[in-house]
Every structure is written in structure tokens, then in C-alpha cells.
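**Q** Below are the sequence and a predicted model for it; my questions follow.
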Amino acid sequence: MNYWLIKSEPDAFSIDDMEKARTEPWDGIRNYQARNFMRDGMQIGDRVLFYHSNTKPPGVVGIVEVASKAYPDHTAWDENSKYYDPKSPEESPRWLMVDFSFIEKFDAIIPLDTLKKEEQLEGMLTLRKGNRLSITPVEKAHFEYIDQMRAK
DNA sequence: GCCAACGTTGGC
DNA sequence: GCCAACGTTGGC
């Protein structure tokens, strides 16, 4: 089992939207590193921290899980989609997506600045300055530490 | 709204 | 293959 963190702007798709949807196809990822994580690292059942970005405050708001293997992101070949990419035709898809399923919403957000203060989370990719990846792997110990922070 | 960080593109 | 220009992300 692997652990991950995914970012979402709550204005676009929040943890509440995730709870309503139950399962959501995570389309629109247009970054090679993120794609490779989905393709090479993600397995069904992996646990995923759900993070709200570009909001006040940013932070971890819940947990979802990987609900499918990586499969072609069909929005890339839809001319009317904002994710349309002519370099990713149906015959040779460049972009992939997975489905995520809702697991739980935290009672309260764990803000980014709180996470940054935790020594046990030192080195966590998401906390590094300038990190813009929308999907990052998370160490098991870090995942479990954040999971228990919420209980406080 | 600003701007640092970073990825991508394209000219050479 | 280098690197400047440009676009995007995302914290502040």
C-alpha cells in the first residue's frame, strides 16, 4: 500500500464535493511527474490525503482512496474540454487519470502552517517551498502522523 | 494582487 | 542540447 496527497482548489472541487460524489474521476492532470505517480505508483486501496490549495487557509481536509488503476484521460481528446490536448490523441493517450473514492472528512482542517511546525513531518514533499505538484507521494509515517493529528 | 518557484516551449 | 521566454501554481 502506498500513500499520497492530492491538491484541489475548493472553489473548483472541495472535500464536500468529494463527499457528495462518493467516487470522482480525477481528470485534467497535465503534469508528467503526477501522471507517472498515477501510472507507476498508485494501486487500488491506496490512502490519499485530500488537500485544499489556493484558499485560506490551505491544508489537509480529509482522506480519500484510490478506486481505480490509471486509465486514459478522455478529456484530452475532447475539443470542448478545457483539458483538451491535441498531442494526446485517442490512439496514443499521453495523459492518464484515476478515480478517487471518499473516505472521510476531518472535523477541522489541518492547516499548512500547523503541518510545517511538526518536526515529525520534516521533509514531506508538500511542505517544501515551491512545490507545485498536484499529486505527491507521502511517507507512511507522515500519513499516519497526520491521521492522528486530526484526532486531537 | 504580488511574486517566487518551477515546468514547458521553441529558437538557435 | 542549451537557455530565454513564457505560463501556471499557490502561498502570502
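**A** Sure, I can see it. Since the model is a prediction, treat every value here as computed from it, not as a measurement.
**Q** what about the helices in chain A?
**A** Taking DSSP state H as the test, the helices found in chain A are A:15-21, A:32-36, A:112-117, A:140-149.
**Q** now what about the third one, what contacts it?
**A** What it means is helix A:112-117. The contact list for helix A:112-117 (Cβ atoms under 8 Å, 6 or more residues apart in numbering) reads A:57-60, A:121, A:124, A:126-127, A:146, A:149. All C-beta atoms are positioned from the backbone trio N, CA, C, and that covers glycine.
**Q** any bit of it sitting next to DNA strand C?
**A** Yes. Residues of helix A:112-117 contacting DNA strand C under Cβ under 7 Å from any atom of the strand: A:112-113.
**Q** so what's the residue lying closest to residue A:46 once chain neighbours are set aside up against?
**A** Spatially, and ignoring its direct neighbours in sequence, residue A:46 is nearest to residue A:66 (4.2 Å; Cβ to Cβ, 6 or more residues apart in numbering). Residues in contact with residue A:66 (Cβ under 8 Å, 6+ apart) are A:4, A:42-46, A:48, A:98-100.
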